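In: Provided below for reference: sequence and predicted model.
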Number of protein chains: 4
Amino acid sequence: MIKKQPSQSNQMWGGRFNSAPSNIMEQINASIGFDKRMWREDISGSKAHCEMLVAQNIISKNDGTSILNGLDQVAKEIENGTFEFKASLEDIHMNIESRLREIIGDAAGKLHTARSRNDQVATDFRLWVRSACDDLVKNIESFQNILSGLCKEHEKSIMPGFTHLQVAQPVTLGMHLGAYWEMMDRDKSRISDCRKRLNESPLGACALSGTGFNTDRAMTAMKLGFDKPMANTMDAVAARDFATEFLFATAQCGLHLSRLAEEIIIWATPQFGFINLSDAWSTGSSIMPQKKNPDAAELVRAKTGRLNGNLIQLMTVLKGLPMTYNKDMQEDKACVFESYDTISLCLESMKGMVESATFNLQPMREAAESGFATATEIADWLVRNLDMPFRNAHHVTGAIVKMAEEKQCRLDQLPLADMQSVEAKITQDIFNSLNLDKAVESRLNK
Amino acid sequence: MIKKQPSQSNQMWGGRFNSAPSNIMEQINASIGFDKRMWREDISGSKAHCEMLVAQNIISKNDGTSILNGLDQVAKEIENGTFEFKASLEDIHMNIESRLREIIGDAAGKLHTARSRNDQVATDFRLWVRSACDDLVKNIESFQNILSGLCKEHEKSIMPGFTHLQVAQPVTLGMHLGAYWEMMDRDKSRISDCRKRLNESPLGACALSGTGFNTDRAMTAMKLGFDKPMANTMDAVAARDFATEFLFATAQCGLHLSRLAEEIIIWATPQFGFINLSDAWSTGSSIMPQKKNPDAAELVRAKTGRLNGNLIQLMTVLKGLPMTYNKDMQEDKACVFESYDTISLCLESMKGMVESATFNLQPMREAAESGFATATEIADWLVRNLDMPFRNAHHVTGAIVKMAEEKQCRLDQLPLADMQSVEAKITQDIFNSLNLDKAVESRLNK
Amino acid sequence: MIKKQPSQSNQMWGGRFNSAPSNIMEQINASIGFDKRMWREDISGSKAHCEMLVAQNIISKNDGTSILNGLDQVAKEIENGTFEFKASLEDIHMNIESRLREIIGDAAGKLHTARSRNDQVATDFRLWVRSACDDLVKNIESFQNILSGLCKEHEKSIMPGFTHLQVAQPVTLGMHLGAYWEMMDRDKSRISDCRKRLNESPLGACALSGTGFNTDRAMTAMKLGFDKPMANTMDAVAARDFATEFLFATAQCGLHLSRLAEEIIIWATPQFGFINLSDAWSTGSSIMPQKKNPDAAELVRAKTGRLNGNLIQLMTVLKGLPMTYNKDMQEDKACVFESYDTISLCLESMKGMVESATFNLQPMREAAESGFATATEIADWLVRNLDMPFRNAHHVTGAIVKMAEEKQCRLDQLPLADMQSVEAKITQDIFNSLNLDKAVESRLNK
Amino acid sequence: MIKKQPSQSNQMWGGRFNSAPSNIMEQINASIGFDKRMWREDISGSKAHCEMLVAQNIISKNDGTSILNGLDQVAKEIENGTFEFKASLEDIHMNIESRLREIIGDAAGKLHTARSRNDQVATDFRLWVRSACDDLVKNIESFQNILSGLCKEHEKSIMPGFTHLQVAQPVTLGMHLGAYWEMMDRDKSRISDCRKRLNESPLGACALSGTGFNTDRAMTAMKLGFDKPMANTMDAVAARDFATEFLFATAQCGLHLSRLAEEIIIWATPQFGFINLSDAWSTGSSIMPQKKNPDAAELVRAKTGRLNGNLIQLMTVLKGLPMTYNKDMQEDKACVFESYDTISLCLESMKGMVESATFNLQPMREAAESGFATATEIADWLVRNLDMPFRNAHHVTGAIVKMAEEKQCRLDQLPLADMQSVEAKITQDIFNSLNLDKAVESRLNK
């Protein structure tokens, strides 16, 4: 399972080491397989750091220019796909610096003055998560727009509202989908809070305790769009709560999508028949030619597992870690990248599914009519017109429903006489409250 | 294991039922065992609702007064411990209403007009979590105050800063404890965000679709201190993301405490000897008379398990739940109560432990001296004074450290000649940078 | 939230301590609140230990008799409810020993010779989990018996088999319920494996390294029904994988029950109408008098959350714990007790629900008839009779299903001519394969 | 983030579909990215199925031979890396069958007779997990061999045994490492149980209900090394508890390794100094030249997070899934593959680290001498020689330890007179019990 690769000592820290790392060691230790995804952030961070070193006269202007140009060339090579990533160089930081040295020579070694991998990786990772937050907010908003459109379109489309998956009271499809708009709005708000809280710069914290060089952390913070430098340098390199918070926010969004996915799956059964998914969002069976399966909805529902799993992963990793940086924390990135990809794909899928689906309004309305959904209206009529305490009205209505159930008719089909046999003071007026559209309208905006 | 209890049908919804619930059913169904903890919130919510019903002429002023007085009496009975909670009445809502009926008679039945248990429980629960957030913020702040005091006291107390649990660079105990102050500050901020987001009123959403009665949701929202009524009634009864967010925020705080706990445990070993816990915060052994164990720290570290477990519990429950209320959601409260109790106890314990502990400054300083913690200073000296690229300086320093290691001496005890054998241009001046206090001071506030 | 209680130093280990534990310390430290549940196991373990001490001449026969009688009296007091548990005595072990001392005096102090709380609690806990395994196996078996009865009763009751919650092929209700019998059987087998693996005795491992007294660990192991003493004394006090394994086995059983619970909830909708739960296993609504909700099924589905949460709790606790006993491990019991109670209640509830439910065979059969469930039979007919490769037959059948869907008829209602318009060689014989009962019968026992 | 790829309808089930899947749909739906790892199992399963179809005269001998040869060619192409995997063909099953059709033409379509993807994937996956179990057992055994060797080598190497990370009693390094041998042994046993339980064949269950063709499931089971066919066809395609059980067994093994990893990290601090990791298993720092970090141990400790996360992922996915196959279950493989890779890498790393480490016996022995580790010996001496009840002896010893602590001497350095000032009957003989080697020897094999 485990492939051997040619061993090569890491020249960045090998000074006092007598022997090269074992192959297995290189394999468990290397993060380049996933952290190369932060190459843009690593280069931005290095450029900001380099400009500051020049401005503070820590390195010469010449060296600075040569480093900046070199970094631009590295960026171009990665973008063009000509850059060769090496596992023996462990991570994205060393891969870039090593190539920089090939391009500009020894001056490359000056870039790491007054910096450590500990603050460098924390900076890169915060920048990456910040941009992921921005993308997710946009993605959620575009899903909200689709929902808004449908809410408007279906603001009068009657359907049964469910509790316990049993028909409860009539609602509209617009109201139902509007609930998801609200959930998405809170998810967006949580992601924005996460972004706000993480937007402070760890750069300049170095290994853990800052540096004796006369650096300007406020300058690098500003250049990278951070609100300010983080106050405590040990915290700067040790903190990963921004990552767990991001994992939670995406997992919670996934939970909301899983609720909608479950509804789509149930609504798509022939028994409910509330929704038809488009062919583009269904699949067939290799053995049963009649099947049209809501696979995308099932997968969105299932992805919750991965999102929850990623959250619990990082929370397990961080449990009981002493200050400050420990190698355990390298396990923070793969899960964050994966949760971002997963929730992005779930949102895209949900947008596609919902936008292209057909809602079957007739079966929805019929289900609302047949399920005694207006029983509460009877109870409310009794309270309003007979001044009956609600609890008593509830009992009276229970008896009426039982009668309708036995006669297998709808509530508005039950003869007045039958109702009066339960409560003599009921009048014909009660039937006005059993009209579905009126019942719903009377409740809207409450 | 499962105790039988005398069965008694719930008279609140039993109208159309032919037989009473099974005993096992009562046992799995009843929530009174834990939701009685929300009795204050339930009574506040009912009083606000009653006042609104009177103001909107939905019930008479007389009935309203009688209900309000009755609720006050119920509150008094619960406070005095004379109230009898009954599992057959399922939950706190029915227990209170049932007692209200005994006290004021049929008028009690009017309280539930234009309300359902679905919006009632959502309201109670949000009020409870809101107040838990307020308590936690205060608890965290008092821990921060203790940390602030210690940071000031130890702003010059040298100790080794660790990465990978290896001595890295000298820091101060104040800086180290300050990192925890920052973590607590973000935890506080997360809890505050949670409080802000949850502070909208579900009351009046009724079962799921509002009501035909002419209610005033803004009035009840205001009376209960909510910012406004929730916009979508189905969302109002279906949403529990405020609970998962609370569980995450407490679990994240627990993770931070677990890191400090781990450090206390390691520091309390004779090998480190950095800290002595007071007798009041230690325990002994039943067999080994010499033991003084950091049990409280171990328990704080372990409580992370429960906090993570509670989070994953509710996230599992909510996965794939269709709209709107499902009985599954009854499993939302026990975990939230427990996480609140757990994190409160952990904070109290950490405050007690830290406040009463003795920090052993001498061993701390010695550890900083003996672990080559100033090696980075050598590298920085080479960069600054010999204009050596940092990467080269790192290699030179590595060789010097190796030499000191072989001679089993500290870096500042290594003869200049030895250093010069590695790099000829090194001068006596380098020893100035190896002074611990100066090294730390030069780095502070960077 | 946190109640103060009168402080009282623990006399069992307080020898070298100058001050009593803080109240908060007592609160976080005390386990008596939950571990008193192991009182029977603690007394059994102590009696076996005492008998061994006498047999090995480590304590006198007189002391032994006095201890054994005293322990019997303690047992009686606990059983009668006259025993007073004290938090200041921390745990069940100290509560019992302390009472023993009150009853028999100083001889009580001899019981703890050649024993420590570390091996004592490990012994008690293994005994408890062993007996929990035995109970669960019986509970599962009685559920399997109910399922077996229903499988037999419904071995010919046609219903639609679902994949993706879409009608796939006709099956029988017996076959469907039989799938759960199999799952339960594997759950039983996992619990039995857990029991087998844990059945070795930690008693005599003392604190961690055994004892210099001439004890006979094989004798106590035998007396307590263990297969043998654990081989390594450090492992004996440090191991808790038996507890995580128990938590996994119960959580997996809960997952299986959650699948059945989901089906019951869906089947109980008016849209499906496959099942009626008895009144004893349903609840009503406080506002909607017509509702009959499958609360017990929803709660069984939800309990999965707690079971998963408990598993992840203990796995979080154990992560990165050094040898041997750490106080963190005190967090092992509450979750195990709770998972046992939860899964027991879920099994009882499922038994009650399933046993008392009515299966509506007519709607089940109709659903099987209307959902093109026999489409595979057409494809198989084509393969068998026209020697068509299955993949081609699948395409032909797809076209026929599409035709029936457009005509809104069942497959056996589609005219032969229509079928022949898709594939000319189809003959009247194909309709024989579209008979539901035959289709199912031809597949049984395959 | 989400790359578009050219769309291509899946020709295996597209019969009744009017439009091709959306690109996003293809992306969320396709599993070929990870399930191609099961290509060997898929081909074995197909060959066994084909041989059975021939033996039962369901397909002709000619077709069978052509299919078998074609599958061998596909296998060769995959092995050689010339096979082109296509996402548009969704999964490994369709990729292989589609290539088979290119090679042998229409006869390829006969292979899927009396089979469905549902039983096919269940079969492939069980075969894969079975072989993963076999590999893991071997991997664990080779780690156990390394531990055995060290146990023997260090059976008399004195070190302090710890509880609560405090020195408790003297043990040997052999005994300490032996505890891990035991843990590994139980992990092996759990993996073996998992293998036993999963070794039944789902093949022939088809979509969910078997087939009307005259298949011989016992024959395919036998050919594939299964013990027998699974009894219930719906269970056969719906069950994934073998996957959760595998995930649990690997996560538990990871927990055990995380405990050893934590010890290595603590032992490698200069404060403990119990262990030196070889250079091949350490890394350096990019800024602190003196650092030698135990990265591999930290990563092994951290990997617990992923293993726990994967377990919770699949348990979340399976919660509340109705019968039988749902697309959610596609999320079962990536986590299982990953947990297998992770635990394999952790075991390899631990073997390398432990095998190449140097244990520093002198500091270990000194730590055992200086930590009052023999205090229990004093208490035991008092019990044995003065017939003092253990509890009293514990108190006396506590006082003696306190005295030694104040005098800052070891217990065997405390003058007899001092001891006698606590308990007058103590004699010179007590010092015999304070010899470390004797103390340990007297306890071994207890």
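Out: Here it is on my side, so go on. Residues are numbered from 1 along each chain as shown, chains lettered A, B, ... in the order given.
In: and the pLDDT for the closest residue to A:Trp281 other than its chain neighbours?
Out: Of all residues not flanking A:Trp281 in the chain, A:Met353 sits nearest, at 4.7 Å (C-beta to C-beta, 6 or more residues apart in numbering or on different chains). All C-beta atoms are positioned from the backbone trio N, CA, C, and that covers glycine. A:Met353 is assigned 96 on the pLDDT scale.
In: neighbours of A:Asn57, how many?
Out: 9 (other C-beta atoms under 10 Å in any protein chain shown).
In: helix or strand for the residue nearest to A:Trp281, just tell me which one.
Out: Element membership of A:Met353, judged by DSSP states H and E, is helix A:333-356.
In: on that earlier part again, contact partners for the residue nearest to A:Trp281?
Out: A:264, A:277-278, A:281, A:296-297 (C-beta atoms under 8 Å, 6 or more residues apart in numbering or on different chains).
In: ok, A:Met183 next?
Out: A:256, A:259, B:235, B:239, B:241.
In: and those residues, which are buried?
Out: Taking 16 or more other C-beta atoms under 10 Å in any protein chain shown as the criterion, what is buried in the contacts of A:Met183 is A:256, A:259, B:235, B:239, B:241.
In: excluding its backbone neighbours, what's nearest the second one?
Out: Put plainly, it is A:Arg259. Residue nearest to A:Arg259 in three dimensions, not counting chain neighbours: B:Leu321, with 5.4 Å by C-beta to C-beta, 6+ apart.
In: quick one: residues contacting that neighbour.
Out: So B:Leu321 contacts A:259, A:262, B:238, B:328-329 (C-beta under 8 Å, 6+ apart).
In: which one of the residues you listed sits closest to chain C?
Out: Distance to chain C across these (C-beta to the nearest C-beta) is lowest for B:Asp328, with 3.6 Å.
In: enumerate every residue touching the closest residue to the closest one other than its chain neighbours.
Out: Distances taken as C-beta to C-beta, 6+ apart put C:Ala302 closest to B:Asp328, at 3.6 Å, once the chain neighbours are dropped. Counting by C-beta under 8 Å, 6+ apart, C:Ala302 touches B:317, B:327-331.
In: may I ask which of the residues you listed has the most neighbours?
Out: Busiest of the contacts of C:Ala302 [other C-beta under 10 Å] is B:Val317, holding 31 neighbours.
In: tilt between the helix or strand hosting it and helix D:295-318?
Out: Taking DSSP H and E as the definition, B:Val317 sits inside helix B:295-318. With axes from the mean of the first three to the mean of the last three C-alpha atoms, to 10 degrees defining the directions, helix B:295-318 sits at 40 degrees from helix D:295-318.
In: burial measure for A:His176, as a count.
Out: 27.
In: can you report phi and psi for it?
Out: phi -60, psi -50 (degrees, to the nearest 10).
In: how about A:Phe359?
Out: phi -90, psi 130.
In: tell me the contacts of it?
Out: A:154, A:157, A:173, A:274-275.
In: among those, name the ones in strands.
Out: Assignment to strands by DSSP state E places the following of the contacts of A:Phe359 there: A:Ile275.
In: could you dump the contacts of A:Phe359 to JSON lines with pLDDT and neighbour count?
Out: JSON lines is the format used below for the contacts of A:Phe359 (pLDDT from 0 to 100; neighbours: other C-beta atoms under 10 Å in any protein chain shown):
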{"residue": "A:His154", "pLDDT": "97", "neighbour count": "20"}
{"residue": "A:Ser157", "pLDDT": "97", "neighbour count": "19"}
{"residue": "A:Leu173", "pLDDT": "98", "neighbour count": "22"}
{"residue": "A:Phe274", "pLDDT": "97", "neighbour count": "24"}
{"residue": "A:Ile275", "pLDDT": "96", "neighbour count": "23"}
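In: of the contacts of A:Phe359, which is the nearest to chain D?
Out: Out of these, the member with the shortest distance to chain D (by C-beta to the nearest C-beta) is A:Ile275, at 16.1 Å.
In: the closest one pairs with what?
Out: Applying DSSP bridges to A:Ile275 gives these bridge partners: A:Phe359.
In: what's the spacing between it and A:Ser157?
Out: A:Ile275 is 12 Å from A:Ser157, where distance means C-beta to C-beta, to the nearest Å.
In: A:Thr220 now?
Out: Note on A:Thr220: its distance to A:Ser157, by C-beta to C-beta, is 55 Å.
In: would you mind listing what in the stretch 101-250 of chain A touches chain C?
Out: A:163-169 (C-beta under 8 Å from any C-beta of the partner chain).
In: at 6 Å what do you get?
Out: Neighbours of chain C within the stretch 101-250 of chain A, by C-beta under 6 Å from any C-beta of the partner chain: A:164-166, A:168.
In: give me the neighbour count for A:Gly33.
Out: If you count neighbours by other C-beta under 10 Å, A:Gly33 ends up with 12.
In: which element is it on?
Out: Secondary structure assigned from DSSP H and E places A:Gly33 in helix A:32-35.
In: ok, and what's touching that helix?
Out: Identification of contacts with helix A:32-35 by C-beta atoms under 6 Å, 6 or more residues apart in numbering or on different chains yields A:85, A:87, A:91-92, A:333-334.
In: minimum pLDDT in the residues you listed, which residue is that?
Out: A:Ala87 (87).
In: surely that residue touches A:Ala30?
Out: Yes. Counting by C-beta atoms under 6 Å, A:Ala87 does reach A:Ala30; the two are 4.5 Å apart.
In: shouldn't A:Leu347 be in contact with A:Asn139?
Out: Yes. Assessed by C-beta under 6 Å, A:Leu347 is found in contact with A:Asn139 at 4.7 Å.
In: thought A:Ile58 was touching A:Phe213?
Out: Yes. Look at A:Ile58 against A:Phe213 with C-beta under 6 Å: they come within range, at 5.4 Å.
In: grab the nearest non-local neighbour of the residue of the stretch 51-200 of chain A found nearest chain B.
Out: In the stretch 51-200 of chain A, the residue that lies nearest chain B is A:Gly109 (2.9 Å; C-beta to the nearest C-beta). Spatial nearest neighbour of A:Gly109, chain neighbours left out: B:Pro389 (2.9 Å); criterion: C-beta to C-beta, 6+ apart.
In: tell me the secondary structure at the closest residue to A:Thr163 other than its chain neighbours.
Out: Closest residue in space to A:Thr163, ignoring its immediate chain neighbours: B:Tyr325 at 4.5 Å, by C-beta to C-beta, 6+ apart. Following DSSP: H, G, I helix; E, B strand; the rest coil, B:Tyr325 is assigned to coil.
In: wait, B:Tyr325 sits on B:Ser116?
Out: No. Using C-beta under 6 Å, B:Tyr325 makes no contact with B:Ser116, being 8.8 Å away.
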